[in-house]
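Enquirer: sequence first, predicted coordinates after that:
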Amino acid sequence: MQFVRHMEVHAGDKLYQCSECLKCFSGKNYLVVHMRVHKGDKPYQCAECLKCFSIKSNLVTHMRVHTGDKPYECSECLKCFSLKSSLVRHMRVHTGDKPYECSECLKCFSLKSNLVRHMRVHTGDKPYECSECLKCFNKKSYLVIHMRVHTGDKPYECSECLKCFSGKSNLVRHMRVHTGDKPYKCSECLKCFNKKSYLVMHMRVHTGDKPYQCSECLKCFNQKSHLVRHIRVHTGDKPYECSECLKCFSAKSSLVIHMRVHTGDKPYECSECLKCFSEKGGLVRHMRVHTRDKQYECSECLKCFSEKGGLVRHMRVHTGDKQYECSECLKCFSAKSSLVRHMRVHTGDKPYKCSECLKCFSEKGSLVRHMRVHTGDKPYKCSECLKCFSEKGSLVRHMRVHTGDKPYQCSECLKSFNKKSDL
């Protein structure tokens, strides 16, 4: 009888059909074992943990968890496994065999589970859902990492500075701060970066790629952060507030620079005269004093300026443009700063106070001149007699003694005087 059942395996006949799912088997005992799937029958129990199995061979395999038995040895590296299937999968490390091929992109994998995960790239399937925010992921490991956002768990600690991270990859990137490692090199200029994302952004310098476009004015940017800051021009959003004076700024860098007004910090030092500046731009402009660089030339009178803004303001001398109008008296000015000073005539504002006598002035220049009363400073010297004066106007009037210049003429008798007060 056993011989007859055995011969059925070779004959290929499958005479025994499952009444539940209609699957056919070549031997009656195979059908009996299969029926346990439908009945839920698990007659083989583990004596150690009481776990039950429907097939005796599965129990035998399971017992190796308790005994530690690993009968399947790799002939290449001698590593041992408790399951034959585990050895088969492991052997692909040595053979390079990748039997599971993606039907969409033909990419191959050594494990079926890797192919299953990969297929989600094409199907968009994200079976792992966060119970807190319902966000979905295509890999369980991604969900595990994401859950740390809610739990605040940061299991990866830097051995150098003890800073903690929620993801191992974040720790790896952070360690480059301490090691100075910059593994990502630009193929164009060979500049190196410690993050791949920094290299990607840098490459746009060479390619000219600007993938981030403003929906309002269609201006394009090579970095998303630049677009975010630009959008505030349209929205008027100024999220960065000064804790000292409550003034708000649209960019964090602008707030940092502004804070130096309160702290007095001037980190940019001139290498020539050691004068310090709170902004890098201020140092750059100042350096032109030493280099005599005046690259901005007036097309009318050929006068040169070290700053473009200086040329723009100067051009109004030729054009007569006075675009800044006083709302009180309608007087117009060519420079905004001139209008600001003029408005103090109407407001009575005198923001410049003398630290010695507390007298106030509407213009900084007036305060500077006044301070010479206390210091006794006389910076204007006559080239003829070496007499010194505290104000430039006093020197100009004094020079007429030497030149004989008398610019003030009486309209009645035509007599001239060197002082307006004498006239």
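Expert: Great, that's in hand.
Enquirer: quick check: which element contains M201?
Expert: helix 196-207 (DSSP states H and E).
Enquirer: name the helices or strands packed onto that helix?
Expert: strand 184-185 (3 or more Cβ pairs under 8 Å, 6 or more residues apart in numbering; DSSP states H and E). No exception for glycine: its C-beta is placed from N, CA and C like everyone else's.
Enquirer: which neighbouring elements make contact with the strand it packs on?
Expert: By 3+ Cβ pairs under 8 Å, 6+ apart, strand 184-185 packs against strand 192-193, helix 196-207.
Enquirer: okay, these in a markdown table with mean pLDDT, distance to V172 and mean neighbour count next?
Expert: Shown next, in a markdown table, are the helices and strands packed on strand 184-185 (pLDDT from 0 to 100; distance: least, Cβ to Cβ, whole Å; neighbours: other Cβ atoms under 10 Å):
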| stretch | mean pLDDT | distance to V172 | mean neighbour count |
| --- | --- | --- | --- |
| strand 192-193 | 92 | 15 | 16 |
| helix 196-207 | 92 | 12 | 14 |
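Enquirer: select, out of the ones you listed, the one closest to V312.
Expert: Taking Cβ to Cβ, helix 196-207 is the member of the helices and strands packed on strand 184-185 nearest to V312, at 29.1 Å.
Enquirer: got the contact list for the closest one?
Expert: Under the contact criterion Cβ atoms under 8 Å, 6 or more residues apart in numbering, helix 196-207 has outside partners Y184, K185, C186, E188, C189, K191, F193, D209, K210, P211, N222, Q223.
Enquirer: what do you get for stretch 408-418?
Expert: So stretch 408-418 is contacted by R397, R400, V401, G404, D405, K406, P407, K419, K420, D422, L423 (Cβ under 8 Å, 6+ apart).
Enquirer: what's the answer for stretch 101-113, then?
Expert: R89, R92, V93, D97, K98, P99, Y100, L115, H118, M119, H122.
Enquirer: relative to S215, which of the residues you listed is nearest.
Expert: Within these, the smallest distance to S215 is 30.6 Å, found for H122 (Cβ to Cβ).
Enquirer: how many neighbours does the residue lying closest to the closest one once chain neighbours are set aside have?
Expert: Leaving aside its chain neighbours, H122 sits nearest to E104 (4.5 Å; criterion: Cβ to Cβ, 6 or more residues apart in numbering). Neighbour count for E104, taken as other Cβ atoms under 10 Å: 11.
Enquirer: and E104, helix, strand or coil?
Expert: coil (DSSP: H, G, I helix; E, B strand; the rest coil).
Enquirer: which residues touch the residue lying closest to C326 once chain neighbours are set aside?
Expert: Leaving out its chain neighbours, the residue that sits closest to C326 by Cβ to Cβ, 6+ apart is H342, at 5.9 Å. Residues counted as contacts of H342 (Cβ under 8 Å, 6+ apart) are C326, K331, F333.
Enquirer: most neighbours among these, which one?
Expert: F333 (17 neighbours).
Enquirer: that one bridge partners, please.
Expert: Y324 (DSSP bridges).
Enquirer: how about the closest residue to K42 other than its chain neighbours, what does it touch?
Expert: Excluding the flanking residues, the one nearest K42 by Cβ to Cβ, 6+ apart is C52, at 3.6 Å. Taking Cβ under 8 Å, 6+ apart as the criterion, C52 is in contact with K42, P43, Y44, Q45, C46.
Enquirer: where does the chain dip in pLDDT?
Expert: Scanning the chain for pLDDT under 70 picks out 1-12, 292.
Enquirer: burial of D13, as a residue count?
Expert: 12.
Enquirer: can you tell me the element it falls in?
Expert: Using DSSP H and E, no helix or strand contains D13.
Enquirer: distance of the closest residue to it other than its chain neighbours from E20?
Expert: Spatial nearest neighbour of D13, excluding adjacent residues (Cβ to Cβ, 6+ apart): S26 at 6.3 Å. Going from S26 to E20 by Cβ to Cβ, to the nearest Å gives 18 Å.
Enquirer: looking at the two now, which is surrounded by more residues?
Expert: A count of neighbours by other Cβ under 10 Å puts S26 above the other of S26 and E20, at 19 against 11.
Enquirer: let me know whether the more buried one touches H34 as I believe.
Expert: No: between S26 and H34 there is no contact under Cβ atoms under 8 Å: 11.7 Å.
Enquirer: measure K322 to E328 for me?
Expert: 16 Å.
Enquirer: looking at the two, which has the bigger crowd around it?
Expert: K322 (14 against 11).
Enquirer: wasn't H66 part of a helix?
Expert: Yes: counting by three-state DSSP, H66 falls inside a helix.
Enquirer: Three-state assignment for the spatially most central residue of the chain, please.
Expert: Per Cα atoms, centre = their mean, the C-alpha nearest to the average position across the chain is that of S225, at 5.9 Å. Look at S225: counting by three-state DSSP, its state is helix.
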